[in-house]
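>>> Have a look at this prediction, sequence included:
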Amino acid sequence: MTENRHTVSTDALATLGTIIDESCGRDAIHLAVEPTVAGEMLRPGEHIRIENGLAVGGGDTFGIVDPFLKAMVMPGQRFWFVVYPRQITSLRHVWEHPKFGDAPPARQPTREEQEIADRTFMKVLKPQSIEWVREFCRANSGAPSFETLMRKIEQEDFGEEWLHIGGEDASGEIPDEFWDHVENIVGRKLGEDERPQYFSCAC
């Protein structure tokens, strides 16, 4: 009988994070996750650590941002911190890790954590999002001017599929990333019916 080199003792968890060879076959794994508050804007899959109770990038990282997210994590938002494999010192249904300590009950960010997130948002994210939308309007011939667009958005007059612009030619698709930046600018989450997919005009 041919020996199967990919056994329970050499499963995917033992080699996750490395380049694997042909001896590895299909598997399923458990990874430790912790609900965590972002201290800065983070990318899905970005390598992160904990500083002052908040998740940030760089330095002595020991996990990643939930890689299945489809948008950036904004300061103050909660997300799953995925701990590197083979780092957990105890694994039951509740796991332990020396850098996290005991598992705390679910909680809201403290005032200090929220203030840090708010300062980061106002100093970094909002100006970056304004510049992103300005550049989007400049670079796309079917987009309205930034000023016209902002007046329309401030009126909160959205269609479910179309964003109608009066007084200017406007057409074309609106990407999801556009609305992510608009949320930063207006300071609130938009509902599904407030993220139209296309520009239109009255011409």
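Structure's in. What do you need?

>>> Give me the secondary structure label for Q128.
Q128 carries the three-state label helix when classified by DSSP: H, G, I helix; E, B strand; the rest coil.

>>> got the contact list for D176?
The contact partners of D176, by CB atoms under 8 Å, 6 or more residues apart in numbering, come to K70, A71, R195. All C-beta spots, glycine's among them, are computed from the backbone N, C-alpha and C.

>>> Please indicate which of those are buried?
Burial by neighbour count, 16 or more other CB atoms under 10 Å: within the contacts of D176 this picks out R195.

>>> JSON lines for the contacts of D176, including pLDDT and secondary structure?
Formatted as JSON lines, these follow (pLDDT from 0 to 100; DSSP: H, G, I helix; E, B strand; the rest coil):
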{"residue": "K70", "pLDDT": "87", "secondary structure": "coil"}
{"residue": "A71", "pLDDT": "88", "secondary structure": "coil"}
{"residue": "R195", "pLDDT": "83", "secondary structure": "coil"}
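
>>> So which residues of the protein form strands?
For the chain, the strands defined by DSSP state E occupy 33-37, 47-51, 54-57, 63-65, 78-83, 162-165, 172-173, 198-201.

>>> can you pull out the helices in this protein?
12-15, 111-120, 126-139, 146-154, 176-186 (DSSP state H).

>>> which one of those helices lies closest to V37?
V37 sits nearest to helix 111-120 of all the helices of the chain, at 5.9 Å, using CB to CB.

>>> where among the helices of the chain is the average confidence lowest?
In terms of average pLDDT, helix 111-120 trails the rest of the helices of the chain, at a mean of 68.

>>> on that earlier part again, considering the contacts of D176, which is situated nearest to I20?
K70 (26.3 Å).

>>> I figured that closest one hits P44, correct?
Yes: K70 is within contact range of P44, at 7.2 Å (criterion: CB atoms under 8 Å).

>>> Include distance to I88 when you put the helices of the chain into TSV, please.
As requested, those are exported to TSV (distance: least, CB to CB, whole Å):
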stretch	distance to I88
helix 12-15	10
helix 111-120	25
helix 126-139	35
helix 146-154	45
helix 176-186	33
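
>>> Out of those helices, which gets nearest to H97?
Nearest of these (CB to CB): helix 12-15, 15.2 Å.
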